[in-house]
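Trainee: Mind looking at a prediction? Sequence and model below.
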Amino acid sequence: MNGLTIAVPRGALFTETLDLLDRLGVDTAEVRSNDRRLVFPEAGLVTMRPSDVPTYVEHGAADIGITGKDVLLEQDEREVYELLDLGYGSCRMVVAEPEGESAIEESIRRLGAVRIATKYPRIATRHFSDTGRQAEIVEVKGSVEIAPLTGLVAAIVDLTATGKTLVENRLVEREEIVVCSARLVANPVAHKLKAAAIDDLVARIRSLDGALA
Amino acid sequence: MIHPIPPGTRDVLPDEMRELRALSDGLRAEFERAGYGEVWTPTMEYEDVLRRGDERAAGAGYRLFDEHGQVLALRADSTIPIARLVAARYQDAEPPLRFCYFAHAYREVHRGSAQAREFLQGGIELIGPSAPEGDAEVVALVSSALEEAGLRRHRIGLGDASLYRTLLADYGVPEDERLPLLERLSRRDLVGVGVSVERLGLPAAARDVLTTLPALRGGPEVLERVSDSHVAGAIENLRATHDLLAERGIGDRVIFDLGLVRELGYYTGAVFEVYDPAVGFALGGGGRYDDLLGRFGRPLPACGVALDMQRVHLAQAAEERLAREEAPA
């Protein structure tokens, strides 16, 4: 695409990102048909985990990339430029806990702090400190929903799109922290040295009907 | 038995050291030829002195106590120490004054990133000349030094630190809203800038300028696109700097970048950043700091640039590799 290398997130944003690229005239047939291959130099695409996108873009291994705002908030030390809110992949970062009487408040009142499990320790830490509450953040890598059900923690901070996983695990949302959607990010040097190509891409995305929220 | 060193610091062995030394010798010779004499200042300064230059002490990350309980800080750049030096040791000297330095600076590192805790900076400071002549001299010297070092494709990003600040003040944006906006701009969170500007409830024209300006970059033609009279002076200065550089034959090295805001608080005018297409991060930067020397008692306009020597070395190696690949076998 315009001689740019684009970091494409696999996972929840994958299909919609490929749809967007199709509408921009990038041939994604090969990417869709071959889920073992990760690098597609003929289309200027590199596919990776969403949380790796800022890393590749920061170092200039990709000129631009697409990833979730949740990833950018969690890795806020990464030097990437956030150019566009692409609108899709919308979900919310929330505090949730098991149904019934709230254990969060009781824990803070009686024990001084509340234990929170999350895959997003920075966002969780910032949220509780911004709201003036002490929290002990426990980082987990896998399904965070089981953490309160097993007694590891009182509550969780996690991303939810439909709320279905929360309901299935008998968890209820207590607080919304932030709404996240897919973002277009750029490498700081490419943003200057390939300014025309990047501006052209941004303008074309903006002109697509209904691409932006 | 392997004993660790702190993350973000490094040992340098002879092969790399020879190359780093050759690189800094080349830059030093270029700076000296242009009349920039080398100075050396202490690695540690009184914290109060650094704070006099910048309220965040230029981002100093390491503090210690001396035997009298005074707080010392490891310098985070050489610009504030040189401002102190000029005020103390060149009280009556007739400007212009020109200095270069090759010195380690220290900053804290963030989790999980490859930032350096200790890094070697090579830089120049030009004290006395105002914009645009002073800005052009500094940019031209850095550019010729990089050319000399083999960075044939380097570029210099040129913006103005006062641009956005002036616009916010002139549009009557409340003081407490300005800082978060500038902070978002310095990270180039353009989505966040857009959202914050939207919330200010400004007239459409002002809103338009504030959201489009950070994306304006390219050749001198981008300056045409800013018609707001409040910033006419800053734009005129950028144009004049470009003209002076064009006269020296290096006008096309410059990429105007009107959203460029350097993190340090002491910049008052033009700001620079140095790039090479072979590496994905800026090799260095600097700018004009007309108020800094006054804080130390010698009010003089000044400007300077610092290069991260290890990053320049990285770019040099990448350019050499490219040149080898391009050359016929």
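Mentor: Arrived safely.

Trainee: Could you confirm A:G60 falls within a strand?
Mentor: No - the assignment for A:G60 is coil, going by DSSP: H, G, I helix; E, B strand; the rest coil, so no strand is present there.

Trainee: didn't B:D308 look like it was pressed against B:G284?
Mentor: Yes - the criterion here is C-beta atoms under 8 Å, and B:D308 meets it with B:G284 at 5.3 Å. All C-beta atoms are positioned from the backbone trio N, CA, C, and that covers glycine.

Trainee: where do the contact lists of these two overlap?
Mentor: B:Q121 (C-beta atoms under 8 Å, 6 or more residues apart in numbering or on different chains).

Trainee: Tell me the secondary structure at the residue nearest to B:E108 when sequence neighbours are not counted.
Mentor: Excluding its sequence neighbours, the residue lying closest to B:E108 (C-beta to C-beta, 6 or more residues apart in numbering or on different chains) is B:G61, at 3.2 Å. What three-state DSSP gives for B:G61 is coil.

Trainee: Kindly report the same for B:R184.
Mentor: Under three-state DSSP, B:R184 comes out as helix.

Trainee: Distance-wise, check it relative to A:R23.
Mentor: 29 Å (C-beta to C-beta, to the nearest Å).

Trainee: Tell me which stretches of the chain form helices.
Mentor: Chain wasn't specified; assuming chain A. For chain A, the helices defined by DSSP state H occupy A:14-23, A:29-33, A:53-58, A:69-74, A:103-111, A:121-130, A:146-149, A:164-168, A:188-193, A:195-207.

Trainee: Correction: the question concerned chain B.
Mentor: B:14-33, B:47-53, B:79-89, B:133-148, B:161-170, B:175-186, B:190-199, B:204-212, B:232-247, B:292-295, B:309-326.

Trainee: Show me the one of these that comes nearest chain A.
Mentor: Nearest of the helices of chain B to chain A, taken as C-beta to the nearest C-beta: helix B:190-199 at 4.7 Å.

Trainee: in the closest one, what's buried?
Mentor: B:L190, B:V191, B:G192, B:V193, B:G194, B:S196, B:V197 (16 or more other C-beta atoms under 10 Å in any protein chain shown).

Trainee: of those, list those near chain A.
Mentor: When contact is defined as C-beta under 8 Å from any C-beta of the partner chain, the buried residues of helix B:190-199 meet chain A at B:L190, B:V191, B:G192.

Trainee: Please determine how far the closest residue to the last one other than its chain neighbours is located from B:A22.
Mentor: Looking back up the chat, that one is B:G192. Nearest residue to B:G192, sequence neighbours excluded (C-beta to C-beta, 6+ apart): B:R184, at 4.3 Å. Distance, B:R184 to B:A22, by C-beta to C-beta: 41 Å.

Trainee: Check residue 158 and give its pLDDT.
Mentor: You didn't pick a chain, so chain A it is. The model reports A:D158 with a pLDDT of 96.

Trainee: nope, chain B please
Mentor: 95.

Trainee: Then the one 10 residues further on?
Mentor: Reported pLDDT at B:L168 in the predicted model: 91.

Trainee: Measure how buried it is and give me the count.
Mentor: Residues lying near B:L168 (other C-beta atoms under 10 Å in any protein chain shown) number 23.

Trainee: you'd agree it is up against B:R178?
Mentor: Yes - between B:L168 and B:R178 there is a contact under C-beta under 8 Å: 4.8 Å.

Trainee: A:E101: neighbouring residues, count only.
Mentor: With other C-beta under 10 Å as criterion, A:E101 counts 8.

Trainee: Who's the closest spatial neighbour of the residue of the stretch 151-300 of chain B found nearest chain A, skipping the chain neighbours?
Mentor: Nearest residue of the stretch 151-300 of chain B to chain A, counting by C-beta to the nearest C-beta: B:G280, 1.8 Å away. Of all residues not flanking B:G280 in the chain, A:G60 sits nearest, at 1.8 Å (C-beta to C-beta, 6+ apart).

Trainee: Now for that neighbour: which residues touch it?
Mentor: Contacts of A:G60 by C-beta under 8 Å, 6+ apart are A:N187, A:V189, A:A190, B:V279, B:G280, B:F281.

Trainee: can I get the ones next to chain A among the buried residues of helix B:190-199 in TSV with pLDDT and distance to A:I116?
Mentor: Output for these, formatted as TSV (pLDDT from 0 to 100; distance: C-beta to C-beta, whole Å):
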residue	pLDDT	distance to A:I116
B:L190	92	31
B:V191	92	27
B:G192	92	25
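
Trainee: Among those residues, which one lies nearest to A:E101?
Mentor: B:G192 (37.4 Å; C-beta to C-beta).

Trainee: I'd like the distance between that closest one and B:A205.
Mentor: B:G192 is 21 Å from B:A205, by C-beta to C-beta.

Trainee: Show me what the longest strand along chain A packs onto, helices and strands only.
Mentor: Longest strand in chain A, counting residues (DSSP state E): strand A:171-180. If contacts are counted by 3 or more C-beta pairs under 8 Å, 6 or more residues apart in numbering or on different chains; DSSP states H and E, strand A:171-180 sits against helix A:69-74, strand A:91-98, helix A:121-130, strand A:155-160.

Trainee: Adding mean neighbour count, write these out as a markdown table.
Mentor: What follows is the helices and strands packed on strand A:171-180, written out as a markdown table (neighbours: other C-beta atoms under 10 Å in any protein chain shown):
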| stretch | mean neighbour count |
| --- | --- |
| helix A:69-74 | 21 |
| strand A:91-98 | 20 |
| helix A:121-130 | 18 |
| strand A:155-160 | 24 |
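
Trainee: Pipe those into TSV and attach distance to B:S229 per row.
Mentor: Listed next are the helices and strands packed on strand A:171-180 as TSV, based on distance: least, C-beta to C-beta, whole Å:
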stretch	distance to B:S229
helix A:69-74	36
strand A:91-98	43
helix A:121-130	40
strand A:155-160	46
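
Trainee: B:R184 and A:R23: which is more packed in?
Mentor: Set B:R184 next to A:R23 and count neighbours by other C-beta under 10 Å: B:R184 wins out with 21 against 13.

Trainee: Please name the residues that touch that one.
Mentor: Counted by C-beta under 8 Å, 6+ apart, B:R184 has contacts B:G192, B:V193, B:S196.

Trainee: Could you export the helices of chain A as CSV, including mean pLDDT?
Mentor: Converted to CSV, the helices of chain A look like this (pLDDT from 0 to 100):
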stretch, mean pLDDT
helix A:14-23, 95
helix A:29-33, 91
helix A:53-58, 96
helix A:69-74, 96
helix A:103-111, 88
helix A:121-130, 95
helix A:146-149, 93
helix A:164-168, 92
helix A:188-193, 94
helix A:195-207, 93
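
Trainee: No further queries at this time; thank you.
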